[in-house]
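J.: what's the 3D shape of this:
(chains A and B)
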Amino acid sequence: MKPHSRFVLSVLAFGYAFLYIPLVFVIVYSFNDSRIATIWGGFSTRWYGELFRNDQVLDAALLSLRIAFTSATIATILGTMAGLVLARFGRFKGRTLFSGMITSPMVMPEVITGLSLLLLFVTLQQLTGWPGQRGFSTITIAHTTFSMAYVAVIVQSRLMSMDESLEEAAMDLGGRPVRVVFDITLPLIAPAMVAGWLLAFTLSLDDLVIASFVSGPGSSTLPMYIFSKVKLGVSPDINALATLLIAAVSLGVLIAWIAMRRMRT
Amino acid sequence: MPGENALNRDQLWRHVAVAVPYLWLLVFFLAPFAIILKISLADPVIAQPPFTPAFDESGKFLASVDSFRFLLTDRLYATTYLRSIFMAGMATLLCLALGFPMAYGIARAPASARSLLLLLIMLPFWISFLLRVYAWMGLMNNYGVVNNLLMWLGLIEHPIQLMYTDFAIFVGLAYSYLPFMILPLYATLERMDLDLVEAAQDLGASRTRAFWDITWPLARPGVIAGCLLVFIPAMGEYVIPYLLGGPESLMIGRVLWDEFFVNRDWPLASAVAIVLLLLLVVPIVLLQRYQARDKEAGI
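T.: Sure thing, here's the model as predicted:
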């Protein structure tokens, strides 16, 4: 293997700096005592205290977590079915439309997805009376719809890379297809399902635009609350919130990474 | 041997596995587009919901193309669509210029370092998108980190305007979408046969020549997938132009949002969405074809 050229090395260094420097500054400024977020006024943890006394933040975070948990779980079930269908069922009527509908939500601009789902909910309400109120249920449905696509793709590519011989052997030994799916296939794709669930969970926690369209008065998710504050400019308690989130995500990813390395060796 | 009943039950399970996700997507993904189309043909009214019904009392279908006519005649919309294409295109080029050497460097790094390097590319992606855009607000302020640093270095005397400019939007878009470029590029570059490059060089090709004749054509599927993965969502971006751009740096996602939330003109917002979707149909179909081909190639 040839050593890297100086050019590639410097772009790599620049790229990683570009990705991480903004985060470093958010962390540093979250410990800034000054109310004016751009002037350093000494070390302090007061913004963390204020964050935990802020009921609006806590309510919004709780709602976001509930939505993320529910939508990730439904998305994992639906997405696993879809991935299984795409990888193992061969050709069937309507397959092209099916795989198109699986991949499109991933690239669809959020404003279009959000607007179209809201209009659906409004139309449904006119016709059937449901949903009477927009909030938890409508946001959960919206998040499930776009994150099941990610789960399906992860599960599908795991199944494609896996050789079918185990499943075929089980069938040859007289196992019924349904039993084979539950006894052989699902345990084998469990890691992909976990990865898919985690991705769906973070995507749901992350979403601002779609949730803003399909939520109703009185139900703000955490990104909606953050957005309403950062619209007005840089604010120190949002720095603190961002730092907590960065810490939580980094810790989670680190644990997952170490666990995966252990499993491999 | 399983009995006939069991076989029937297996068939039933197969149908369930197809039908449940299929129905979900038909109702919550495909049907909404029909509804957008229907409402884009309505007229705005002050009512709840704020548009005219599709059928009058006698059951006649009412369609008005006023929203589309307005969209096509008012210069603002045409310029905003063009600007969005330009902004998304620039962001795509920036991501490619930065992402290609990075993906190349990672793909050629020692195998033991690769997974960590990739993890570091993905990590920011897992942290709130909104907060990552917000981080740039603090950096690019008039008295933010970048300006303070430049003044301290003596490169500038007064703060330069970074925030609320097109430049800020480019930086924000490139920052947010860089991982979408690097990951597909990495996937193709990692599979590439290095012997080809070496053979070319042994036969007397210069490094540059070997790159353009061997590496670049082989990496093309990754380049195209990466560019589309950046360009398509960047076209409709709302948060980045709103937080980092100025009042003049309009992008179509923001116009759609304002028509809907501020002006409450739902038919016009729907028409804006339909035209945006029409502009994106070609790139989306192209992306799906590339991804399908990739899957057949067996990754």
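
J.: what does the helix or strand encompassing residue A:211 contact?
T.: When secondary structure is defined using DSSP states H and E, the element that contains residue A:211 is helix A:209-214. The contact list for helix A:209-214, computed with CB atoms under 8 Å, 6 or more residues apart in numbering or on different chains, reads A:67, A:110-111, A:113-115, A:117-118, A:121, A:134, A:138-139, A:141-143, A:146, A:221, A:223-224, A:227, B:238-239, B:257, B:260-261. C-beta coordinates here come from the backbone N, C-alpha and C atoms, glycine included.

J.: I'd like the average pLDDT over it.
T.: Model confidence over helix A:209-214 averages 95 on the pLDDT scale.

J.: outside of the helix or strand following it, which residues touch it?
T.: Using DSSP H and E, the helix or strand that follows helix A:209-214 in sequence is helix A:222-230. The list of residues contacting helix A:222-230 from outside it, by CB under 8 Å, 6+ apart, reads A:56-57, A:60-61, A:63-64, A:205-208, A:211-212, A:215, A:220, A:235, A:237-238, A:241, B:128, B:130-131, B:134, B:137, B:239, B:243.

J.: What are the buried residues along helix A:222-230?
T.: Within helix A:222-230, the residues scored as buried using 16 or more other CB atoms under 10 Å in any protein chain shown are A:222-227, A:229-230.

J.: Which of the contacts of helix A:209-214 fall in helices?
T.: When DSSP state H defines the helices, the subset of the contacts of helix A:209-214 inside them is A:67, A:110-111, A:113-115, A:117-118, A:121, A:138-139, A:141-143, A:146, A:223-224, A:227, B:239, B:257.

J.: Quick one, which of those are buried?
T.: Among the ones in helices among the contacts of helix A:209-214, those scoring as buried are A:67, A:110-111, A:113-115, A:117-118, A:121, A:138-139, A:141-143, A:146, A:223-224, A:227, B:239, B:257 (criterion: 16+ other CB under 10 Å).

J.: What's the local residue count around residue A:232?
T.: When neighbours are counted by other CB atoms under 10 Å in any protein chain shown, residue A:232 registers 7.

J.: ok, now which ones touch it?
T.: Residues in contact with residue A:232 (CB under 8 Å, 6+ apart): none are found.

J.: can I assume it sits in a strand?
T.: No: inclusion of residue A:232 in a strand is not indicated when DSSP: H, G, I helix; E, B strand; the rest coil is applied; the result is coil.

J.: center of the chain, which residue is that?
T.: The chain I'm using is chain A. What sits nearest the mean C-alpha location of chain A, by CA atoms, centre = their mean, is residue A:203, with 1.9 Å.

J.: Oops, wrong one, chain B.
T.: The centre of chain B sits closest to residue B:233, judged by CA atoms, centre = their mean, with a distance of 1.8 Å.

J.: Quick one: mean pLDDT over whichever strand or helix holds that residue.
T.: Taking DSSP H and E as the definition, one finds residue B:233 inside helix B:216-235. Model confidence over helix B:216-235 averages 92 on the pLDDT scale.

J.: same question, stretch B:102-110
T.: Along stretch B:102-110, the predicted local confidence has a mean pLDDT of 91.

J.: CA atoms only for it - export them in PDB, please.
T.: Backbone C-alpha positions of stretch B:102-110 (Å, rounded to 0.1, in the frame of the first residue of the first chain) are rendered in PDB as follows:
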ATOM      1  CA  MET B 102     -11.500  12.300   1.800                       C
ATOM      2  CA  ALA B 103     -13.300   9.200   0.600                       C
ATOM      3  CA  TYR B 104     -10.100   8.300  -1.400                       C
ATOM      4  CA  GLY B 105      -8.000   8.800   1.700                       C
ATOM      5  CA  ILE B 106     -10.200   6.700   3.900                       C
ATOM      6  CA  ALA B 107     -10.500   3.900   1.300                       C
ATOM      7  CA  ARG B 108      -6.700   3.700   1.000                       C
ATOM      8  CA  ALA B 109      -6.000   4.000   4.800                       C
ATOM      9  CA  PRO B 110      -4.800   1.000   6.700                       C
END
